[in-house]
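Asks: Here is a sequence with its predicted model. Questions after.
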Amino acid sequence: MLTLVTGTTGQVGRRFVPRLLAQRQPGEQVRVLVRDEARGERFAELGAQVAVGDMRDEETLGKALAGVDAVVNIAAAFRGVPDEEAWAVNRDAALALGRAAQASGVQRFVQVSTGNVYGTGRGRPLTEDDESRPGGEMWGAYPESKIEAERALLAMEGLDVRIGRLPFVYGEGDPHLTNVMHWAVHWAPHQRLQMAHHADVAQGLMRLLYAPGIAGRIYNIADDAPVTTLELFRLNGQEVPAEQYEIADPDPWFGILSNQRIRRELGFRPIYPSVWTALDAGAL
């Protein structure tokens, strides 16, 4: 099986591809799509094939998908990008990749999405059957562009699409855990953040990639224990400002994901059930 991975130089992709390469079985190959050859050198040294070009270019997609059996689309634009860029990458480029994969006879297509597509909370952990409801704390056009990409990809006939929705991802030197404090200073002390370590994101995506008979299924990939704002301050070695305790949480279930489906159907068990487990293991 030859698997094409996009978004390989982002925080998720750069940690996912080495794990995918390390767990290859005989006869399995990995190809990465990068914008310039230099970005692919690290992956080539680990044994990956390298395709160079922009995934928004039709000719690039044709070459990158030649002989490919499966696709893992991690490419995404969010946090700080203009809405036009979010739509262009998260929806338009994803759909162009899906159509090209469909035409090339790709057997499986794993689309990496976000738990932010759920929107407002439901008073309980969010499940994959919950519809998208606008509202809550959003990242501009990011959630909307991602949910539209999900719907359009799932509607493509003959393409075996699997969706993996991610929460806040951290670990292994990812600056997200530090950067989140830019927003956390405005959160109520008891507000919670759903998380997943990079090792568990990789585990979840590989389960989606290899599992038979799950075409059209959506899976939340998340750990077992969301953290509070107070814990984020502690993890970052910061004192909690006195005024923090005066902030109210307008939606205590926003972004809190259930991982029961992926546990039950695909055997997922978090390597790091909580950020504290990762801290104890030196995996932050």
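Replies: Arrived safely.
Asks: Helix or strand: which one has Thr60?
Replies: helix 58-64 (DSSP states H and E).
Asks: who's in contact with that helix?
Replies: By CB atoms under 8 Å, 6 or more residues apart in numbering, the residues outside helix 58-64 that reach it are Leu4, Arg31, Leu33, Ala51, Val52, Gly53, Asp54, Met55, Ala96, Leu97, Ala100, Ser104. For glycine as for every other residue, the C-beta is placed from the backbone atoms N, C-alpha and C.
Asks: try 10 Å
Replies: 4, 6, 31-35, 49-55, 57, 71, 93, 96-97, 99-101, 103-104 (CB atoms under 10 Å, 6 or more residues apart in numbering).
Asks: Please, a PyMOL command that selects the buried ones among those residues?
Replies: Burial among the contacts of helix 58-64 is assessed by 16 or more other CB atoms under 10 Å; the matching PyMOL selection reads:
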select buried, resi 4+6+31+32+33+34+49+50+51+52+53+55+71+93+96+97+99+100+101+104
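Asks: what is the closest residue in space to Glu37 that isn't next to it in sequence paired to in the beta sheet?
Replies: Closest residue to Glu37 apart from its sequence neighbours, by CB to CB, 6 or more residues apart in numbering: Val52 at 5.3 Å. Beta-bridge pairing of Val52 under DSSP bridges involves Val34.
Asks: Can you name the residues that contact Val52?
Replies: Val32, Leu33, Val34, Arg35, Asp36, Glu37, Ala38, Arg39, Gly40, Thr60, Lys63, Ala64.
Asks: Need those residues in TSV (columns: distance to Pro167 and pLDDT).
Replies: Output for those, formatted as TSV (distance: CB to CB, whole Å; pLDDT from 0 to 100):
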residue	distance to Pro167	pLDDT
Val32	25	98
Leu33	25	98
Val34	26	97
Arg35	27	93
Asp36	31	90
Glu37	33	91
Ala38	32	93
Arg39	27	92
Gly40	29	95
Thr60	31	93
Lys63	34	95
Ala64	29	97
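Asks: need the contact list for Val30.
Replies: So Val30 contacts 1-5, 8, 17-18, 20-21, 24, 43, 46-49, 70, 72 (CB under 10 Å, 6+ apart).
Asks: any idea which element Glu84 lies in?
Replies: helix 83-86.
Asks: Repeat that for Gly204.
Replies: Gly204 belongs to helix 198-210, assigned by DSSP H and E.
Asks: Next secondary structure after that helix?
Replies: strand 218-220.
Asks: So which elements touch that following strand?
Replies: strand 108-114, strand 160-166, helix 198-210, helix 260-266 (3 or more CB pairs under 10 Å, 6 or more residues apart in numbering; DSSP states H and E).
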